[in-house]
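1. can you look at this prediction? I've put the sequence above it.
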Amino acid sequence: LAEGWFADSLRRAHDIGLAKPGVTCGIHAQKFVQICLPFSVDELTRRELACRGHLQAAIQQGFVGQRDLHFEEDDLQGLPERLKAGWTSSLGKWIPGRGKYKVRIGRDAINKVLPFCHNASTRSRVFEAYFEGFGSEVNATA
């Protein structure tokens with residue numbers, strides 16, 4: 001009870017300028033830190049862990065990929081057939097209005113397309129789609 005009364009009084013004195021850290025004698029600096037910080041260490045740790053969890057989830061979502069791009073054979077020149085095999089349409093042929101290859105744009109596509117693809121516009125499309133996949137949530141959370 002006395003500790004609460006002292007902290008409340010010291011907080012009020014600090015707020016109106018009667019008690020100042022490093023100037024007012026007889027009051028330990030640790031007590032000023034306790035009254036000046038609005039949150040406890042536990043509360044700050046809990047908030048930091050929650051923010052870190054949200055950031056990690058947003059980053060993982062971007063790595064996995066959230067959208068697909070469709071490409072023709074000419075778009076993926078330079079990629080070995082073994083890399084393109086997983087992206088072939090389920091029909092195994094050209095689909096009107098779409099390409100022969102359906103590529104989920106995530107980290108896997110970045111690692112396969114950018115180093116091998118000879119087509120600069122394809123590399124650009126994949127790169128831009130990948131970073132758009134992270135959205136503004138990653139920047140806001142970070």
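-> Cool, got the structure.
2. what average pLDDT does the one helix or strand Gln34 maps to get?
-> Gln34 belongs to helix 29-36 when elements are defined using DSSP states H and E. For helix 29-36, mean pLDDT rounds to 77.
3. check which helices and strands that helix sits against.
-> helix 2-16 (3 or more CB pairs under 8 Å, 6 or more residues apart in numbering; DSSP states H and E). Glycine gets a C-beta too; all of them are placed from N, C-alpha and C.
4. count the residues that sit near Cys51.
-> 12 (other CB atoms under 10 Å).
5. pretty sure it is in a helix, no?
-> Yes: counting by DSSP: H, G, I helix; E, B strand; the rest coil, Cys51 falls inside a helix.
6. where does the prediction get shaky in the chain?
-> 1-3, 38-40, 89-98, 141-142 (pLDDT under 70).
7. which parts of it are strands?
-> With strands called from DSSP state E, the chain shows them at 68-71, 101-104.
8. residues contacting Tyr130?
-> Applying CB atoms under 8 Å, 6 or more residues apart in numbering to Tyr130 gives the contacts 62, 65, 105-107, 109-110.
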